[in-house]
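Trainee: Quick one, structure for this:
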Amino acid sequence: MQFKKYSASKPFQNLIAYFWTLESVEGIESNMAYRFVPDAYVDWVFHLGTPWSLKFADHQSPEATRKFHVFGQIERYLDLTLPKDKLKVFGVKFHPWAANKLWNVNMNYLTNSCMDLSDLDLPHITFLKEQICMATSISERIDRIEGYIRENLEYNERDTLKDYVNAMDVNTQTLSNHNISARRLQQRFKTEIGISSKLFMKTLRINDVIESIKANPEQLLTQVALEHNYFDQSHLIKDFKKFTGYSPSAFLKAINPDGDILNLRIH
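Mentor: Sure thing, here's the model as predicted:
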């Protein structure tokens, strides 16, 4: 599995965390399943070959996906099964505070869902999909996405939750309300990001934990729990299993060393 990141040009870095590509090795990884752990971002996904199928944690069986789709926030892990043909994907990872304003959609409707990109009802989106497919290089696809946003979508960062997200203390799970009521802030998180601020911070914290244990696999879990402000090791493991489906030790055994979008190879 080959995963690569590409930076957005400077005017778009407040909207897009990065662009990404994912390709399987032909004849080796077909029908393999990988696990995606929530990362608090949202994505546009363009399959340039056969799409994968997916299964959310609480679903009984996998379901086919459209060739071009959008992922909202994901509350728990999901499993993606690669197609028999070679997988070739181009993706756009949006900052969580930007999507609601750009797409003009209630993000709570997209939580735990993978819907057709056309269902966002954005202007000229069909033409964009055609352009992405016809492009012959990564740089051309990036140019097409940025050009589409510049010409078709409006964005006002002053009206977003960016400052609230940046003010979060993920380890202590606290969020400054900036003179806004707690109830109003929760309503905004549900609408503009798709999940509660509490779950959003938990997602960020678990991702910090994952990076910590990947960087230092020999580190004691008691130390990891302390550094990330968990009450004790058992609380860390409970949270970890909820988000990833694995204990930290099992996670390390299953980790996909070349992965990022797909964290774990599960069979």
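Trainee: Give the residue farthest from the middle of this protein.
Mentor: Outermost residue of the chain with respect to the C-alpha centroid, by Cα atoms, centre = their mean, is Asn179; its distance is 29.5 Å.
Trainee: now that residue: how far from Ser197?
Mentor: Distance of Asn179 to Ser197, computed by Cβ to Cβ, to the nearest Å: 16 Å. Any C-beta I mention is one placed from the backbone N, CA and C, and that applies to glycine too.
Trainee: isn't there a helix covering His59?
Mentor: No - going by DSSP: H, G, I helix; E, B strand; the rest coil, the assignment for His59 is coil, not a helix.
Trainee: ok, now how distant is it from Thr50?
Mentor: Relative to Thr50, and taking Cβ to Cβ, His59 is found at 21 Å.
Trainee: what about these two, which has more around it?
Mentor: A side-by-side neighbour count of His59 and Thr50, using other Cβ atoms under 10 Å, places Thr50 first with 15 against 12.
Trainee: Tell me the secondary structure at that one.
Mentor: Thr50 ends up coil, using three-state DSSP.
Trainee: The closest residue to it other than its chain neighbours: what secondary structure?
Mentor: In this structure, Thr50 finds its nearest non-sequential neighbour in Pro83, 3.8 Å apart by Cβ to Cβ, 6 or more residues apart in numbering. Assigned with three-state DSSP, Pro83 falls in the coil class.
Trainee: right, and Pro83 touches Pro51 too?
Mentor: Yes - between Pro83 and Pro51 there is a contact under Cβ atoms under 8 Å: 6.7 Å.
Trainee: Show me which of those two is the more surrounded one.
Mentor: Pro51 (22 against 17).
Trainee: mind checking pLDDT for the more buried one?
Mentor: Looking at Pro51, its pLDDT stands at 91.
Trainee: Over to Ala57?
Mentor: Listed pLDDT for Ala57 reads 83.
Trainee: Would you confirm that it contacts Tyr77?
Mentor: Yes - between Ala57 and Tyr77 there is a contact at 5.4 Å, judged by Cβ under 8 Å.
Trainee: Mutual contacts of these two, please.
Mentor: Here Ala57 and Tyr77 share the contacting residues Gly245, scored by Cβ atoms under 8 Å, 6 or more residues apart in numbering.
Trainee: Count the neighbours of Thr191 for me.
Mentor: Number of residues near Thr191 (other Cβ under 10 Å) recorded here: 15.
Trainee: could you give the mean pLDDT of whichever helix or strand it is part of?
Mentor: Secondary structure from DSSP states H and E places Thr191 in helix 182-192. Throughout helix 182-192, pLDDT has a mean value of 90.
Trainee: Could you report the distance from the spatially most central residue of the chain to Ala33?
Mentor: For the chain, the residue nearest the mean C-alpha position is Tyr41 (4.0 Å; Cα atoms, centre = their mean). Counting by Cβ to Cβ, the gap between Tyr41 and Ala33 amounts to 22 Å.
Trainee: Then Lys88?
Mentor: Relative to Ala33, Lys88 is positioned 18 Å away (Cβ to Cβ).
Trainee: now do Gln60
Mentor: Separation of Gln60 from Ala33 (Cβ to Cβ): 15 Å.
Trainee: more crowded one of those two?
Mentor: Ala33 (18 against 6).
Trainee: That one contacts Leu78, doesn't it?
Mentor: No - shown here, Ala33 and Leu78 do not form a contact pair, counting by Cβ under 8 Å, at 10.5 Å.
Trainee: so what's Asn112 scoring on pLDDT?
Mentor: Looking at Asn112, its pLDDT reads 92.
Trainee: Report the contact partners of it.
Mentor: Phe56, Gly72, Gln73, Ile74, Glu75.
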